[in-house]
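Trainee: Provided below for reference: sequence and predicted model.
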Amino acid sequence: MGEKWETVKVRSKHDDRIRKLFYILMLVFAVWIIYTITFNFAGDLFELINPILNGLVTIFLVVGIFSLIFHGKYGRIKTRDILKFLTGVSFVLTFLTIIIGYSLYQPVLVPFFGGYLSGLGAFIMPLVVSLIFFLSYLAGLLILLLQGFGLVSLIVLFQRKYFGKIFEDVKEAEESESLLNTTYKKFLRWFFDIPEVLDTGEMKIDEETSQDSFSWENFRSAFFLEAIVASIMAIYISLNPLLLAERSLSELFALASAVSYFIPVVVIPLFIFKRLKVKIPGPAADFFLFEGARSRLLGLVLTLGTIFLFLRLALKAVDPEILVYSFIFYLVGFLVNTFFITFVYFNYFEGPLAEDLLDEFDEKG
C-alpha cells in the first residue's frame, strides 16, 4: 500500500491547482477550436470530432502529469509496482508482435532487411526493432495512465465540491421549497429511483470508510457497467438508420469512440454511493442509492439501444462481418482506455474522497 492519504487541507490545495490549470488549458483549447472552425472548417460537423477529442485528451494528459505528481505516492497499489507491471506488459506485447509479425510477413521482411541481416547486423537489427516496439508500447501505456489521472482528478474535483450538497439535497427531498428546488429534488428522487413510500429524511451513510486494500470487487463492478453502457451506446450510434443514411460505418464508430470516452465521467461518480453505502431505511429492507442510480442508468441506455437495434436489423444495410469487426475494434479500444481510468480512480482517489464526503455529511448532520 502507498503512503497515508493527504490531509483535507492539502487535498484542497491540489484541487485548486488542478482547477486553475484546467481552466487555462480549456481557454487555450477554446481559442484553438475557434481558429479551426474559422479557417479550416468545411461545414461538416463530423470533421470536428477528432480535433475536439484530441484536444481534450491532450488536456487530460497535461493535467494527469501534475495529478500524478500530487497523488502518485498515495495509491493502494504502489505506483512503482504499477510501472513494473506496465514494463512487463510492454515486453510481452513486443515479444508477441515480433513473433506474430515475423510469422505472417517473413516473405516480405527477409528480402527487405536482407542487407542488414548479415554479420553483426543479424544481432543489431532485431534488437533495434524490438527496442522500438518496446518503447512504443511502454509510451502508449504511460500515456493511457496519465490520461486516466487527468480525467479522474477532474471527476473527483467535481465530486468533492458538489456531492456533499447532493447528499444533503436527497436527504431534504421531502421538504417543500421554490418550484425550481422542488423540481430539482424530484429529479434526484427520480434519478436514484427512490420509492415514494420511503422518507429521504432518514438517509444514512456508513461510518466505516477506511479501506487499506484495493477494492477489486468495486473495480470489476464499475468496469463491467462501463462496458455495458459503451456497447449499448455503440449500438445506438452505429446502428442508427438515420445516421447510416448520411454517414459511413467507420465515421459512426469514430463518433461512438468519441462519445464513449466520457462514459466513465457518468459511471464512476455513482460508485461513491456504493463505497459509502448511502441508504434509506425501509419497512422491509434498506434502499441503497447506488442500486437505484445503476438501475436508472441501465434502463435509459437499454431502452435507446434496443429500439435502434431492432430498427437496424430490419434494414440490414451493412455487411454483418464488417459490422462485427468494427464493433470488436471499438470495444477493445474502449476497454483498454477505461481500464486505466477506472483503476486510477479506485487506486488513488476513492478513499480520500469517501473520507471527505463523510466528514462533510457528519458536519451538516
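Mentor: Great, that's in hand.

Trainee: just give the nearest non-adjacent residue to residue 60, would you?
Mentor: residue 150 (3.4 Å; Cβ to Cβ, 6 or more residues apart in numbering). No exception for glycine: its C-beta is placed from N, CA and C like everyone else's.

Trainee: tell me what the one helix or strand the one you found maps to is packed against?
Mentor: Assigned by DSSP states H and E, residue 150 belongs to helix 121-171. Applying 3 or more Cβ pairs under 8 Å, 6 or more residues apart in numbering; DSSP states H and E, one finds that helix 121-171 contacts helix 8-40, helix 49-71, helix 79-112, helix 179-191, helix 263-267, helix 320-344, helix 350-364.

Trainee: let's have those in a markdown table, adding mean neighbour count, distance to residue 286 and mean pLDDT.
Mentor: As requested, the helices and strands packed on helix 121-171 are arranged in a markdown table below (neighbours: other Cβ atoms under 10 Å; distance: least, Cβ to Cβ, whole Å; pLDDT from 0 to 100):
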| stretch | mean neighbour count | distance to residue 286 | mean pLDDT |
| --- | --- | --- | --- |
| helix 8-40 | 14 | 29 | 86 |
| helix 49-71 | 18 | 33 | 88 |
| helix 79-112 | 13 | 36 | 81 |
| helix 179-191 | 13 | 17 | 77 |
| helix 263-267 | 20 | 23 | 91 |
| helix 320-344 | 17 | 26 | 83 |
| helix 350-364 | 18 | 17 | 83 |
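
Trainee: and the ones you listed as CSV, adding distance to residue 294?
Mentor: Listed next are the helices and strands packed on helix 121-171 as CSV, based on distance: least, Cβ to Cβ, whole Å:
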stretch, distance to residue 294
helix 8-40, 27
helix 49-71, 25
helix 79-112, 28
helix 179-191, 11
helix 263-267, 9
helix 320-344, 15
helix 350-364, 17
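
Trainee: so which of the ones you listed comes closest to residue 227?
Mentor: With distances scored as Cβ to Cβ, the stretch of the helices and strands packed on helix 121-171 nearest to residue 227 is helix 320-344 (6.2 Å).

Trainee: starting at the chain centroid, how far to the closest one?
Mentor: Here the centre of mass of C-alpha atoms in helix 320-344, compared against the chain's by Cα atoms, centre = their mean, to the nearest Å, lies 12 Å away.

Trainee: so which elements touch it?
Mentor: Helices and strands touching helix 320-344, by 3+ Cβ pairs under 8 Å, 6+ apart, are helix 121-171, helix 216-238, helix 249-260, helix 263-267.

Trainee: contacting residues around the residue nearest in space to the middle of the chain?
Mentor: Among the residues of the chain, the smallest C-alpha distance to the mean C-alpha position (Cα atoms, centre = their mean) belongs to residue 264, namely 3.3 Å. Applying Cβ atoms under 8 Å, 6 or more residues apart in numbering, we find residue 264 in contact with 151-152, 155, 226, 338, 341-342, 345.
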